[in-house]
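Undergrad: Next one to model:
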Amino acid sequence: MLVRSRRLLSSTRSSTRFISRSAKKKEEVEKIPKRKGEYIYGVAPCLATLIAKRRKIYTLLMKKDLKVNNRDLKQVTIEKIYAHARQHDTKIHYIGKEKLERISGKNAHQGIAMDVEPLEFKSFREDLYKISKEQQASLPVRLALDGIHDPMNFGAILRCAYYLGVDKVVTGKNNCLLSPVVSKASAGVMELMPVYSVNNIIAFLQESSVHGWEVVGTSDPKVFDQTANATVHSCSEYHLQHPTVIVIGNEGYGVSEAIKRECSVMLSIPPYRHLPSTFDSLNVAVATGIVLHSLQVNKSRT
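TA: From the prediction side, this is the model:
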């Protein structure tokens, strides 16, 4: 009876292991193959990459001795990633924590990484300026990013945009590139939501305006009196009247003066207390989320 109990205990322990020993014999342990693309890391980006199928996947890299706990969402998601990789004959390698940290630049890898083909911006086609009858009724919102240089901010903006129903995100040439850091900061949204790039963001705004899109800038409340050719609104009070392009400016200096001249409206987020000069603004991704949420709430009330 004691022997049987020990066997049952041993069986239970072995069943909690994420990968069986027999499976590991078929897949390489420790050896990291030569990188073919770039490494993305983290549970959400890896799963989103597999779902979106926008990149070629070369290798799945997993930390040795990963275990599944059904009460742990992260581990259950890793199980999905592993099953998907096996189903599509993706090469799987098991490596130590130190090697994963080196691959991820010591960022939070959650025990998983992938060697994948780099993801590129999409070109903004001429036909995408046109407004359909459905768009005229639904009043879509697009984001134009003017000088976002921090990949963490870029990723957080993409996450907000996807969650809050943005139609398209368009960047100029003075923004940071799509990268593993952006993908991680976006919780994988970069893999799911195409990001468009244009050579000249001012020309893009002008062409959008010609086709009926309203161009709306964002700004610090205290600099409104310096803004020409635009009416000023608190984002909580503004109601969309047309399909709209919202311009989000640089983390430091905001929307450039040249772009402000293309805007018919400027939106701000007024503070609810007196702010010292050392703290007078919000993080650009936080501000983007507040503006987008305010626009969606106000649109639902009309």
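Undergrad: from here on, contacts and neighbour counts on C-alpha atoms
TA: OK.
Undergrad: Geometric centre of the protein: which residue is closest?
TA: residue 186 (2.8 Å; Cα atoms, centre = their mean).
Undergrad: In contact with that residue, which residues are there?
TA: 152, 154, 155, 156, 157, 158, 159 (Cα atoms under 8 Å, 6 or more residues apart in numbering).
Undergrad: Kindly reformat these as a markdown table and extend each row with neighbour count, distance to residue 197 and secondary structure.
TA: Output for the contacts of residue 186, formatted as a markdown table (neighbours: other Cα atoms under 10 Å; distance: Cα to Cα, whole Å; DSSP: H, G, I helix; E, B strand; the rest coil):
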| residue | neighbour count | distance to residue 197 | secondary structure |
| --- | --- | --- | --- |
| 152 | 16 | 18 | helix |
| 154 | 24 | 14 | helix |
| 155 | 25 | 15 | helix |
| 156 | 23 | 18 | helix |
| 157 | 27 | 15 | helix |
| 158 | 29 | 14 | helix |
| 159 | 22 | 18 | helix |
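Undergrad: which of those residues lies closest to residue 237?
TA: Nearest to residue 237 among the contacts of residue 186 is residue 157, at 22.0 Å by Cα to Cα.
Undergrad: For the closest one, give its distance to residue 165.
TA: 12 Å (Cα to Cα, to the nearest Å).
Undergrad: cool, and residue 212?
TA: Plainly put, residue 212 is 20 Å away from residue 165 if you go by Cα to Cα.
Undergrad: What of residue 262?
TA: Distance from residue 262 to residue 165, by Cα to Cα: 24 Å.
Undergrad: which of these two has more neighbours?
TA: Each of residue 262 and residue 165 has its neighbours counted (other Cα atoms under 10 Å); residue 262 has more, 20 against 14.
Undergrad: Read off the pLDDT value for the more buried one.
TA: On the pLDDT scale, residue 262 is placed at 94.
Undergrad: who's in contact with it?
TA: Taking Cα under 8 Å, 6+ apart as the contact definition, residue 262 lies against 202, 205, 206, 215.
Undergrad: what comes into contact with the longest strand along the chain?
TA: For the chain, the strand with the greatest residue count under DSSP state E is strand 57-63. Contact with strand 57-63 is made by 36-37, 85, 90-97, 100, 111-117, as judged by Cα under 8 Å, 6+ apart.
Undergrad: Please enumerate the strands of this structure.
TA: So, for the chain - with DSSP E - the strands run 28-29, 38-41, 57-63, 91-95, 112-116, 122-123, 141-145, 168-171, 195-197, 214-218, 231-234, 244-248, 265-268.
Undergrad: Report the buried members of the contacts of strand 57-63.
TA: Listed as buried from the contacts of strand 57-63 are 37, 85, 91-97, 100, 111-117; burial here means 16 or more other Cα atoms under 10 Å.
Undergrad: Low-confidence ranges, the stretch 51-200 of the chain, go.
TA: Low-confidence segments of the stretch 51-200 of the chain (pLDDT under 70): 66-75.
Undergrad: Mind jotting down where the helices sit in it?
TA: Secondary structure of the stretch 51-200 of the chain, counting by DSSP state H, counting those that start in this stretch: helices at 73-87, 97-103, 133-138, 151-163, 180-185, 189-192.
Undergrad: which secondary structure elements does the first one contact?
TA: Using 3 or more Cα pairs under 8 Å, 6 or more residues apart in numbering; DSSP states H and E as the contact criterion, the neighbours of helix 73-87 among helices and strands are helix 43-52.
Undergrad: Show residues contacting the helix it packs on.
TA: With Cα under 8 Å, 6+ apart, helix 43-52 has contacts from 40, 55, 74, 77-78, 80-81, 84, 109-110, 112-114, 183-184, 187-189, 191-192.
Undergrad: Hmm, residue 159 and residue 187 touching each other?
TA: Yes - the pair residue 187 / residue 159 is scored as a contact, 6.9 Å apart, by Cα atoms under 8 Å.
Undergrad: distance of residue 258 from residue 172?
TA: Between residue 258 and residue 172 the computed distance is 14 Å (Cα to Cα).
Undergrad: Which one's more surrounded, those two?
TA: Neighbour count, other Cα under 10 Å: between residue 258 and residue 172, residue 172 has more, with 19 against 9.
Undergrad: Can you check which helix is longest in this structure?
TA: helix 284-301 (DSSP state H).
Undergrad: Span of stretch 37-48 from start to end?
TA: Taking Cα to Cα, stretch 37-48 runs 17 Å from one end to the other.
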